[in-house]
Structure formats: structure tokens, C-alpha cells
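Participant: When you get a sec, could you give me coordinates for this:
(one chain, ligands or ions: 1)
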Amino acid sequence: MSHASTIFDAILAGEIPCHRVYEDDHVLAFLDIGPVSRGHVLVIPKERAAHMHQLSDDSAAALGRVLPRLCRAVMKATGCEHYNLLQNNGAPAHQAVFHVHIHIIPRHEDGSGLGIEWKAGQLGDGEALASRIRDFIQ
Ligand code: AMP
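Facilitator: The predicted model follows:
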């Protein structure tokens, strides 16, 4: 599936600069230009896909393989002990750049980090829903 070009394609092509922290055949990681907290890193696949559900298994595996290493590096570099991973899909879900990216957002002792509004609900008939989701896994 082909998707529209984004600013991250320009970064991948070297047409606009970034503060690169990691690169391999499938993945690039660089500092977020508008950091929520010090050490905010974006991790992107080189494959052009707008949303996580459109990403190939190979790119997803490459992202997953390197994430713990990048998290450890951010922790050591910034001194943070806690952090969030955030991955937005769709404008209503706060996605602004339509190329898959995972945010690594440190939570520092000064309170800087990701603000979360988490409204926990009731599960209800969870098994029916779990079964329905299972039916759609390909
Ligand atoms: P999202 O809302 O998940 O789509 O987040 C997009 C992120 O990309 C934001 O945190 C932006 O600050 C970041 N961003 C946009 N343009 C650049 C850029 N040229 N270099 C680094 N980060 C960028």
C-alpha cells in the first residue's frame, strides 16, 4: 500500500536535518523537534506506512528489536528512571505526522513527561469481545 509523503520521508532522504540517535537498515531514531521532555526520541520504520496496522511484520519486528536498546540509552543519557512509549494512529488519536513513529518520552523528577488522562471503564462481557477480536486476527 502506498501512502502520501511526509516530513519523515524528507528526514529519511537526508533532505532535512535531524538529530540522529540510531540507524539500521529498517529503522531511524532521532530527537523530537518539539520535545515533551528532555530526551524525547522518535523511532520510525524506513518503510512508508501511515499507521501501525499498515506496517509489515518485518518493519514491526525491526522496531521492536531495537526499542529496549533505545530506551536504555535514553535512560542513561538523561538520568530518567521512568518513561512512556506512545504511538498515535489517526488525527483524532493525536497523530500529526502520517508515518508510523513511536515516541520515547522520559518522565523526569521535575514532573516533565507525558500527561495522560486515563478514564478506566467497566469491561462487561470481555470474553465476547476477546473472541471477536481473535476471529479477526490473520
Ligand atoms: P504525532 O502527534 O504522534 O504524529 O507526533 C509527531 C511528532 O513529530 C511531534 O512530536 C513533532 O514534534 C515531531 N516532529 C515533526 N516534525 C519534526 C522534525 N522535522 N524533526 C523532529 N521531530 C518532528
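Participant: quick one, helices of the chain?
Facilitator: 7-12, 57-78, 126-136 (DSSP state H).
Participant: gap between the residue nearest to Ala62 when sequence neighbours are not counted and Val97?
Facilitator: Spatial nearest neighbour of Ala62, excluding adjacent residues (CB to CB, 6 or more residues apart in numbering): His26 at 3.6 Å. In short, each C-beta sits where N, CA and C put it, glycine included. According to CB to CB, to the nearest Å, His26 and Val97 sit 18 Å apart.
Participant: the more surrounded of the two?
Facilitator: More neighbours surround His26 than the other of His26 and Val97, with 18 against 14 (other CB atoms under 10 Å).
Participant: Hmm, that one is touching Val43, no?
Facilitator: No - applying CB atoms under 8 Å, one finds His26 not in contact with Val43, separated by 10.8 Å.
Participant: Now the common contact residues for these two.
Facilitator: Residues touching both His26 and Val43 (CB atoms under 8 Å, 6 or more residues apart in numbering): Leu63.
Participant: Understood, closing this out.
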